[in-house]
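Novice: return atomic coordinates for the entry below.
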Amino acid sequence: MAAPGEAALVQYVVLRGDLRRAPLSWPLGALVAQGCHAALAAAHAHRDHPDTRAYLAEGGAMRIVVLEAADEAVLRALAERLRRLGLDHALWTEQPEAAATCLALRPYPRREVRPHLRALPLLR
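Specialist: Residues are numbered from 1 along each chain as shown. The predicted structure is shown next:
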C-alpha cells in the first residue's frame with residue numbers, strides 16, 4: 001500500500017546550487033526566475049497530458065518540490081538520465097550564455113519520479 005501522498009501530483013524543480021555561491025553569486029530573484037521559467041516550460045510543453053491538466057486544476061493545492069543539483073554538469077546528466085527513462089521534463093538554458101540553470105519535470109505522481117531524484121537534496 002502506498003504511503004499517504006504517494007499518488008499526489010507533484011512538480012519537481014531542480015536548480016543549480018552553484019549559481020548562488022561565489023564566484024557566480026546570482027541574486028535570489030534571478031534563481032527564482034530560473035525555477036519559474038523551467039516549471040512553466042515543462043507545464044506548457046506537456047499541457048495536454050492528463051496529469052498536467054489535473055495538477056493545474058488543483059489551483060492552490062498544487063505541490064512543487066525544489067531540489068538542488070551541485071552544478072551544470074550534474075543538471076545536464078540528470079536531464080539525460082530523465083530523457084533515457086522517458087520522463088517528461090524541460091531543461092531551462094539561459095541565453096546568450098547557453099548555460100543550463102534549471103530543470104523541471106511535468107507534474108507526476110510522486111511515486112513515479114521520486115526514486116530517480118532521491119539523491120538530490122532539497123534546495124536550501
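Novice: could you verify that residue 31 is part of a strand?
Specialist: No - under DSSP: H, G, I helix; E, B strand; the rest coil, residue 31 falls outside any strand and is assigned helix.
Novice: average pLDDT for stretch 10-27, rounded please.
Specialist: Averaged over stretch 10-27, pLDDT sits at 96.
Novice: go on, stretch 79-91?
Specialist: In this model, stretch 79-91 has an average pLDDT of 98.
Novice: from the chain's centroid, how far away is that stretch?
Specialist: Stretch 79-91 sits 11 Å away from the centroid of its parent chain (C-alpha atoms, centre = their mean, to the nearest Å).
Novice: look at residue 5 and report its pLDDT.
Specialist: 59.
Novice: all strands for this protein, in order.
Specialist: According to DSSP state E, the chain carries its strands in the segments 9-16, 64-69, 89-94, 99-105, 108-109.
Novice: the residue nearest to residue 24 when sequence neighbours are not counted: what's it in contact with?
Specialist: Spatial nearest neighbour of residue 24, excluding adjacent residues (C-beta to C-beta, 6 or more residues apart in numbering): residue 18 at 6.2 Å. For glycine as for every other residue, the C-beta is placed from the backbone atoms N, C-alpha and C. Residues near residue 18 by C-beta atoms under 8 Å, 6 or more residues apart in numbering: 24, 70, 71, 72.
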